[in-house]
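Q: predicted model, plus sequence, below.
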Amino acid sequence: MIKRKLVMEDGAVFIGNGFGSEREISGEVVFNTSMAGYQEIITDPSYYGQIITLTYPLIGNYGVNRDDFETVTPFINGLIVKEYSEHPSNFRSYESINNYLKAHDIPGLAGIDTRKLTKCIRKAGTMRGFIANDDMENDEILAKLDGVPVISNQVEHTSTTNPYIVPGHGHRIVLVDFGMKHGILRELTKRNCHVTVVPYNYSAENILRLKPDGIMLSNGPGNPQDVPKAIEIIGKVMPLVPIFGICLGHQLLALACGAKTEKMKFGHRGGNHPVKDLVKGKTFLTSQNHGYAVKMASLEHTDLVLTQVALNDKSVEGIRHKVFPAFSVQYHPESSPGPEDSNYLFDEFLTLIENHLAKQGEEEYA
């Protein structure tokens, strides 16, 4: 193994063993508290440009299989673990996580104190870091890190470039892809929806020409304020078609309605985040991955109603429009990985569509 190290922008240094690719890489260092599902995490486009620290100590013990990908090409910049398994054991496994990272030229770092790194991020907030060989001077690494520009066009890289159809015989859904997890598509096709996936900058006019019964706004990476075109599109289609937003889609819906978003200190990433549904009076465990959130106070002068709240920090987890058939959640109801407590939201979206279509029919024949 090659001795490698992570140097954080505040000067903290973590020395360990390299695996995967041997190239140098920088990125925003974040942590995920999930105990399983590392394959889904690594292939989640919402992690574009980030270096993921997995807090669960042993990673890779069930290998990599062909079923659990959330996108074909992983978008992470690096992976940090306490320990990884070079010899996985699972009937579905076809390669190790080490070989998978090598194949996609993604560096890994093992053997560091991931608890200490997580505490550093929780205390100081999310920071950028740089993974390099141990023989490189720390000052040289920090100079390289300073020279790396902060990215702001993540969605441009994770969205599809051309529309495509996943045929079905049910409701016609336009899925706006900001960096979509395949789990969202699976849930819609499981309900026999006819899904047209379109790019993040597909015009409102072109979306409406598809005559959708409903519009889904997917998850995706980065700051929602960096996608003004999407905010404009949502504002145009919202009065006409039912909308369901997830994660980044949730934040964009809020911005289109006049609310504001802000960067969180270290975000929510993991499969164990409790959320209180204020309408149902129930609490659900949810899968989350986001570094931005809707400002609670900014909802006050909008047509949005708070429907769900995070129990750990009281942040906004769900909203609904008072007038238009539109709602969204900050977490991932499709899971992949994580608990499936909130899977029912896809059924509620289809019910919203059916009610909207029935109302349109009544108005047409009134």
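A: Received it, and whenever you're ready, just let me know what you need. Only a predicted model underlies this, so the values are computations on that prediction, with no experimental measurement involved.

Q: surely residue 161 is in contact with residue 201?
A: No - counting by CB atoms under 8 Å, residue 161 stays clear of residue 201, with 9.9 Å between them. (C-beta placed from N, C-alpha, C; glycine too.)

Q: so between those two, which is more surrounded?
A: With neighbours defined as other CB atoms under 10 Å, residue 161 and residue 201 compare such that residue 201 has more, 15 against 9.

Q: let me know the pLDDT of residue 366.
A: pLDDT recorded at residue 366 is 60.

Q: same deal with residue 210?
A: Looking at residue 210, its pLDDT stands at 98.

Q: for it, list the residues it contacts.
A: By CB atoms under 8 Å, 6 or more residues apart in numbering, residue 210 lies in contact with 172, 174, 196, 198.

Q: keep only those of those residues that are in strands.
A: 172, 174, 196, 198 (DSSP state E).

Q: ok so, going back, tell me the one of the contacts of residue 210 nearest residue 356?
A: Nearest to residue 356 out of those is residue 172 (CB to CB; 12.8 Å).

Q: thought the closest one was touching residue 193?
A: Yes - Residue 172 is within contact range of residue 193, at 7.5 Å (criterion: CB under 8 Å).

Q: can I assume residue 272 is in contact with residue 32?
A: No - look at residue 272 against residue 32 with CB under 8 Å: they stay out of range, at 10.4 Å.

Q: more neighbours: which of the two?
A: Taking other CB under 10 Å, residue 272 and residue 32 do not tie; residue 32 has more neighbours (24 against 14).

Q: quick one: the helices in the stretch 1-150 of the chain?
A: Assignment of helices within the stretch 1-150 of the chain using DSSP state H, counting those that start in this stretch yields the ranges 38-42, 97-103, 114-124, 138-146.

Q: TSV for these, including distance to residue 152, mean pLDDT and mean neighbour count?
A: Listed next are the helices of the stretch 1-150 of the chain as TSV, based on distance: least, CB to CB, whole Å; pLDDT from 0 to 100; neighbours: other CB atoms under 10 Å:
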stretch	distance to residue 152	mean pLDDT	mean neighbour count
helix 38-42	23	98	25
helix 97-103	26	98	19
helix 114-124	21	97	16
helix 138-146	17	97	14
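
Q: wait, which of the ones you listed is closest to residue 63?
A: helix 97-103 (7.0 Å).

Q: name the residues that touch that closest one?
A: Here helix 97-103 has contacts from 19-21, 38, 42, 59-60, 63-64, 79, 84-86, 88, 107-108, using CB under 8 Å, 6+ apart.

Q: and of those residues, the nearest to residue 337?
A: residue 38 (8.1 Å).

Q: residue 34 is in contact with residue 53, correct?
A: No - using CB under 8 Å, residue 53 is not in contact with residue 34, being 11.6 Å away.

Q: these two: which is more packed in?
A: Ranked by neighbour count (other CB under 10 Å), residue 53 and residue 34 place residue 53 first, with 27 against 20.

Q: contact partners for that one?
A: Residue 53 neighbours (CB under 8 Å, 6+ apart): 29-32, 80-81, 114, 117-118, 121.

Q: element containing residue 231, please.
A: Assigned by DSSP states H and E, residue 231 falls within helix 228-237.

Q: mind listing what's buried along that helix?
A: Across helix 228-237, burial judged by 16 or more other CB atoms under 10 Å covers 230-231, 233-235, 237.

Q: in JSON lines, list these along with pLDDT and distance to residue 140.
A: Shown next, in JSON lines, are these (pLDDT from 0 to 100; distance: CB to CB, whole Å):
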{"residue": "230", "pLDDT": "97", "distance to residue 140": "39"}
{"residue": "231", "pLDDT": "98", "distance to residue 140": "41"}
{"residue": "233", "pLDDT": "98", "distance to residue 140": "44"}
{"residue": "234", "pLDDT": "98", "distance to residue 140": "45"}
{"residue": "235", "pLDDT": "98", "distance to residue 140": "47"}
{"residue": "237", "pLDDT": "98", "distance to residue 140": "50"}
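
Q: tell me which of the residues you listed is nearest to residue 209?
A: For the buried residues of helix 228-237, the closest approach to residue 209 (CB to CB) belongs to residue 237, at 11.3 Å.

Q: what does the helix holding residue 231 rub up against?
A: 155, 176, 178, 200-204, 207-208, 215, 217, 224, 243, 252-253, 255-256.

Q: go again using 10 Å as the cut-off
A: For helix 228-237, contacts defined as CB atoms under 10 Å, 6 or more residues apart in numbering pick out 155, 159, 174, 176, 178, 198-208, 212, 215, 217, 220, 224-225, 227, 243, 245, 248-249, 251-258, 324, 326.

Q: which among the residues you listed end up buried?
A: Of those, these count as buried by 16+ other CB under 10 Å: 155, 159, 174, 176, 178, 198-200, 202, 204, 207, 212, 215, 217, 220, 224-225, 227, 243, 245, 248-249, 251-257, 324, 326.

Q: follow-up on the earlier one: out of the contacts of helix 97-103, the closest to residue 125 would be?
A: residue 79 (20.9 Å).

Q: buried set for the longest helix along the chain?
A: Counting residues, the longest helix found in the chain (DSSP state H) is helix 344-364. Neighbour-count burial for helix 344-364 flags 345-346, 349-350, 352-353, 356 (criterion: 16+ other CB under 10 Å).

Q: over to stretch 12-23?
A: Neighbour count says stretch 12-23 has 12, 14, 16-21 buried, by 16+ other CB under 10 Å.
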